[in-house]
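> I'd like to go over a predicted model; first the sequence, then the structure.
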Amino acid sequence: MSLVDSAAIKRLADWDGDRLERLAAAHDTPLYVTDHDRIRENFARFDAAFDFAHVMYAAKANTGRAVIQTLYDAGADIECAAAGELDRALKAGVAPEDLQYTAVNPPDRDLDYAVDLWADTPELTITAGAEMTLDRLESRGFDGRLAIRVNPGIGTGHHEKVATGKDAKFGVAYDEVPELVADARERFEFVGLHAHVGSGVLSGDLDDHRRALQKVADLAERVGSLEFLDLGGGFGVPYRPEEPPLDIEAAAEMVREVTDGVDATIALEPGRYLLADAGALLTRVNTVKETPETRVVGVDAGLTALIRPAMFDSYHHIRNVTGGDREPVESSVGGPLCTSADVFCTDRPIPRAEANDLLAIGNVGAYGINLANQFHSQPKPGEVAIEGDDERVTRRRETFEDLTRLEDEVPGDQ
Ligand SMILES: *Cc1c(COP(=O)(O)O)cnc(C)c1O
């Protein structure tokens with residue numbers, strides 16, 4: 001099978017249930033399982049569709065070392081939007097010249113880090129989204145490769161909290177860009193324009209997305225003499241089982257059309273598209289309660305393990321791995337935290353869950369483990385990589401010692 005012919009989406013039903021049961025038994029739950037073969041397939045499909053573009057992986061989707069290594073080995077450069085991400089990418093073995101840094105309200109220490117890195121690696125491109133960032137870079141002696149992030153004034157995507165294109169926080173106001181570019185040409189090696197306008201774009205959103213990208217491409221034509229035009233990420237995956245996948249060929253054709261008049265390399269920074277369907281979160285049922293409204297199914301993963309439903313109202317499909325052939329009943333699945341936000345679904349038909357059943361939550365490979373937190377003193381889940389028949393722990397499950405480690409390390413008794 002050619003990598004590029006792979007199915008456009010790996011559904012939760014496609015995961016081998018026996019293998020998930022074995023992994024949960026061996027590594028305990030909650031557990032993230034990340035399918036690295038699938039990451040490779042996703043990258044190959046994206047890279048083939050966008051064969052005219054420079055493809056970077058937006059590392060914030062999952063900054064785990066193993067994931068960065070898999071995508072870097074597959075040929076992706078790495079886009080980092082924080083110094084901590086640069087540091088983790090370097091520790092994963094990425095050569096500094098294959099990194100790009102996007103500065104969003106960068107703390108001083110982040111700029112110091114990036115400028116230090118540039119001092120040894122003049123290939124590093126820094127993207128700034130505010131005039132003041134240019135000044136702060138110049139005051140640190142930086143006069144290297146600089147790109148300017150544009151705010152096109154239009155956002156696209158599945159949720160207002162990720163429709164960055166119309167949020168004034170991101171990028172330089174559209175009409176102010178040409179003047180700032182002229183200024184940047186005096187002070188730096190100005191190389192490109194950048195825009196990341198939204199996230200979760202599916203086929204039905206392509207027209208909106210086209211309008212936003214067209215605005216950015218028009219600006220690129222006006223500004224002229226660019227080495228690259230970076231159009232960010234934002235390519236979506238279907239979270240619901242009945243939703244069709246994004247037609248990536250159509251998306252590529254759209255980008256090609258929009259940038260037809262732009263004489264520059266087109267760069268892209270997918271995150272979610274490469275990873276989402278490569279991840280499943282395994283969680284064990286501990287409590288079942290029949291109420292007049294619904295069947296309440298208590299599991300050991302909470303919003304601390306996967307915050308997207310609570311934070312973005314995201315739908316994540318849930319499979320009863322143990323009892324998949326049972327009669328579906330309306331169920332509300334929630335975790336161990338004392339907040340009503342700690343639910344993965346309400347009144348959703350799921351094959352009747354019993355205590356000790358294993359459930360799998362789908363499409364968690366992007367913005368899953370990376371948004372995990374320790375609220376309510378919940379140790380973060382472990383992560384296992386699967387690759388062919390191989391299985392390896394890529395992040396160990398946290399323990400109670402990890403919850404207090406940073407307090408224990410404070411020196412001395414005052
Ligand atoms: C988050 C982000 C991306 C990736 O977005 P996806 O929706 O995951 O593809 C790309 N570029 C920048 C600057 C980002 O902040």
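Looks like it arrived, so ask away.

> contacts and neighbour counts: CA atoms only from here.
Will do.

> tell me the phi and psi of residue 286?
Backbone torsions of residue 286, given as degrees, to the nearest 10, read phi -110, psi -20.

> can you pull the buried residues of stretch 357-368?
Neighbour-count burial for stretch 357-368, counted by 16 or more other Cα atoms under 10 Å, picks out 357-368.

> repeat for stretch 325-341
Neighbour-count burial for stretch 325-341 [16+ other Cα under 10 Å]: 330-337, 341.

> identify all contacting residues around it.
Contact with stretch 325-341 is made by 294-303, 310, 342-352, 376, as judged by Cα atoms under 8 Å, 6 or more residues apart in numbering.

> about what we covered before: nearest to the ligand, of the buried residues of stretch 357-368?
residue 366 (7.1 Å; Cα to the nearest ligand atom).

> which parts of the stretch 201-350 of the chain are helices?
Counting by DSSP state H, counting those that start in this stretch, residue ranges of the helices within the stretch 201-350 of the chain are 206-223, 248-258, 272-275, 308-312.

> out of these, which is the most enclosed?
helix 272-275 (a mean of 28; mean count of other Cα atoms under 10 Å).

> got the domain ranges for the protein?
The chain resolves into domains spanning 37-275, 277-406 when parsed by automatic domain parsing.

> can you redo the ones you listed as JSON lines with mean pLDDT?
Formatted as JSON lines, the domains of the chain follow (pLDDT from 0 to 100):
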{"stretch": "domain 37-275", "mean pLDDT": "95"}
{"stretch": "domain 277-406", "mean pLDDT": "97"}
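
> wait, which of those domains is closest to the ligand?
domain 37-275 (3.4 Å).

> how far is the closest one from where the chain is centred?
Centre-to-centre, domain 37-275 and its host chain are 12 Å apart (Cα atoms, centre = their mean, to the nearest Å).

> shouldn't residue 78 be in contact with residue 56?
Yes: between residue 78 and residue 56 there is a contact at 5.0 Å, judged by Cα atoms under 8 Å.

> buried subset of the contacts of stretch 325-341?
For those, a burial check counting by 16+ other Cα under 10 Å picks out 294-303, 310, 342-345, 348-352.

> from those residues, list the ones also adjacent to the ligand.
Checking these against the ligand by Cα under 6 Å from any ligand atom, not one of them is in range.

> can you dump the C-alpha atoms of stretch 359-375 in PDB for me?
Output of stretch 359-375 as PDB, limited to C-alpha atoms (Å, rounded to 0.1, in the frame of the first residue of the first chain):
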ATOM      1  CA  LEU A 359     -13.800   3.200  26.600                       C
ATOM      2  CA  ALA A 360     -11.800   4.900  23.900                       C
ATOM      3  CA  ILE A 361     -12.100   8.500  23.000                       C
ATOM      4  CA  GLY A 362     -11.200   9.300  19.400                       C
ATOM      5  CA  ASN A 363      -9.300  12.000  17.500                       C
ATOM      6  CA  VAL A 364      -7.200  13.100  20.500                       C
ATOM      7  CA  GLY A 365      -3.800  13.100  18.800                       C
ATOM      8  CA  ALA A 366      -3.800  16.900  18.400                       C
ATOM      9  CA  TYR A 367      -4.300  19.200  21.400                       C
ATOM     10  CA  GLY A 368      -4.900  16.200  23.700                       C
ATOM     11  CA  ILE A 369      -1.900  15.400  25.900                       C
ATOM     12  CA  ASN A 370      -0.500  18.800  25.300                       C
ATOM     13  CA  LEU A 371      -3.400  20.500  27.100                       C
ATOM     14  CA  ALA A 372      -3.400  18.000  29.900                       C
ATOM     15  CA  ASN A 373      -3.100  19.600  33.400                       C
ATOM     16  CA  GLN A 374      -2.900  18.600  37.000                       C
ATOM     17  CA  PHE A 375      -6.100  20.300  38.300                       C
END
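
> run through who's touching that stretch.
Outside stretch 359-375, the residues within contact range by Cα under 8 Å, 6+ apart are 11-12, 32, 34, 60-63, 239, 271-272, 275-285, 303-308, 316-322, 379-381, 403.

> which helix or strand contains residue 126?
Element membership for residue 126 (DSSP states H and E) is strand 125-128.

> before we move on, back to that, residue 215: which of the buried residues of stretch 325-341 is nearest?
residue 341 (37.9 Å; Cα to Cα).

> centre-most residue in this structure?
The structure's the chain has its C-alpha centroid closest to residue 61; by Cα atoms, centre = their mean the separation is 2.1 Å.

> OK, contacts around that residue?
By Cα under 8 Å, 6+ apart, residue 61 lies in contact with 271-272, 275, 365-368, 370.

> and the ligand, which of those contact it?
By Cα under 6 Å from any ligand atom, the members of these lying near the ligand are 271-272.

> just checking, residue 394 touches residue 385?
Yes: counting by Cα under 8 Å, residue 394 does reach residue 385; the two are 6.2 Å apart.

> same drill for those two, tell me which one is more crowded.
A count of neighbours by other Cα atoms under 10 Å puts residue 385 above the other of residue 394 and residue 385, at 21 against 18.

> name the element the residue lying closest to that one once chain neighbours are set aside belongs to?
Nearest residue to residue 385, sequence neighbours excluded (Cα to Cα, 6 or more residues apart in numbering): residue 34, at 4.8 Å. For residue 34, the host element (DSSP H and E) is strand 31-35.

> chain center to whichever helix or strand comes after that strand, what's the gap?
Sequence order places helix 36-49 as the next helix or strand after strand 31-35, per DSSP H and E. Centroid displacement of helix 36-49 relative to its chain, using Cα atoms, centre = their mean, is 15 Å.

> and helix 36-49, anywhere near the ligand?
No: on the criterion Cα under 6 Å from any ligand atom, helix 36-49 is out of touch with the ligand, staying 11.5 Å away.

> show me which residues of the stretch 101-250 of the chain are close to the ligand?
So far as Cα under 6 Å from any ligand atom goes, the stretch 101-250 of the chain lies against the ligand at 196, 199-200, 232-235.

> now those as TSV including neighbour count?
Formatted as TSV, those follow (neighbours: other Cα atoms under 10 Å):
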residue	neighbour count
196	28
199	28
200	22
232	25
233	24
234	26
235	26
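
> residue 183 in helix, strand or coil?
Following DSSP: H, G, I helix; E, B strand; the rest coil, residue 183 is assigned to helix.

> quick one: contacts for it?
So, once contact is read as Cα under 8 Å, 6+ apart, residue 183 ends up touching nothing.
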